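I need the structure of the sequence given here:
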Amino acid sequence: MKTVLIWLVRGYQRFISPLLPPSCRYYPTCSSYMLTALQKFGFVRGFLMGSARILRCNPFVRGGIDKVPDHFSLRRNPES
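Okay, here's the model as predicted:
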């Protein structure tokens, strides 16, 4: 499952994202965050962390640097 999800995210990055204007309020982008979380924490935790990040990425937040933390958390990385 992890491999399939990584394949889907990379497909999005390669084929869909270039067609859309930049809109992610965070660095790294939400898709890069998802890939890193999947590689670091596995399918279930990585998917939950990436999904929570996508839900946080909206016009009502300030954004900024939000790297994948060293420990599992669904909240924004407080060290950023």
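
Show me the strands in this structure, by range?
Using DSSP state E, the strands found in the chain span residues 26-27, 64-65.

Just send those strands back as CSV, with distance to R10 too.
Where C-beta positions appear, they are placed from N, C-alpha and C, glycine not excepted. CSV is the format used below for the strands of the chain (distance: least, CB to CB, whole Å):
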stretch, distance to R10
strand 26-27, 19
strand 64-65, 23
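
Of the ones you listed, which stretch is the most buried?
With neighbours taken as mean count of other CB atoms under 10 Å, the strands of the chain reach their highest mean count in strand 26-27, at a mean of 17.

Pull out the buried residues from the longest helix belonging to the chain.
Looking across the chain with DSSP state H, the single longest helix is helix 30-56. Of the residues in helix 30-56, 30-38, 41, 46-47, 49-50, 52-53, 56 count as buried by neighbour count, 16 or more other CB atoms under 10 Å.

do stretch 11-31 as well
24-26, 28-31.

pLDDT averaged over it - what is it?
Averaging pLDDT along stretch 11-31 gives 94.

Export it to CSV, keeping only CA atoms.
Only the C-alpha atoms of stretch 11-31 are listed here, as CSV (Å, rounded to 0.1, in the frame of the first residue of the first chain):
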residue,chain,number,x,y,z
GLY,A,11,2.3,11.0,-10.3
TYR,A,12,0.5,14.0,-8.9
GLN,A,13,3.8,15.9,-8.5
ARG,A,14,4.9,15.1,-12.1
PHE,A,15,1.7,15.4,-14.1
ILE,A,16,-1.0,17.4,-12.2
SER,A,17,0.9,19.9,-10.0
PRO,A,18,2.7,21.6,-13.0
LEU,A,19,-0.7,22.5,-14.5
LEU,A,20,-1.9,24.2,-11.3
PRO,A,21,-0.6,27.5,-9.8
PRO,A,22,1.5,27.2,-6.6
SER,A,23,-0.9,27.2,-3.7
CYS,A,24,0.8,25.4,-0.8
ARG,A,25,1.4,27.7,2.2
TYR,A,26,4.0,25.5,3.7
TYR,A,27,7.6,24.5,3.0
PRO,A,28,8.2,21.7,2.0
THR,A,29,5.1,21.3,-0.1
CYS,A,30,2.3,19.1,1.1
SER,A,31,3.1,16.4,-1.5
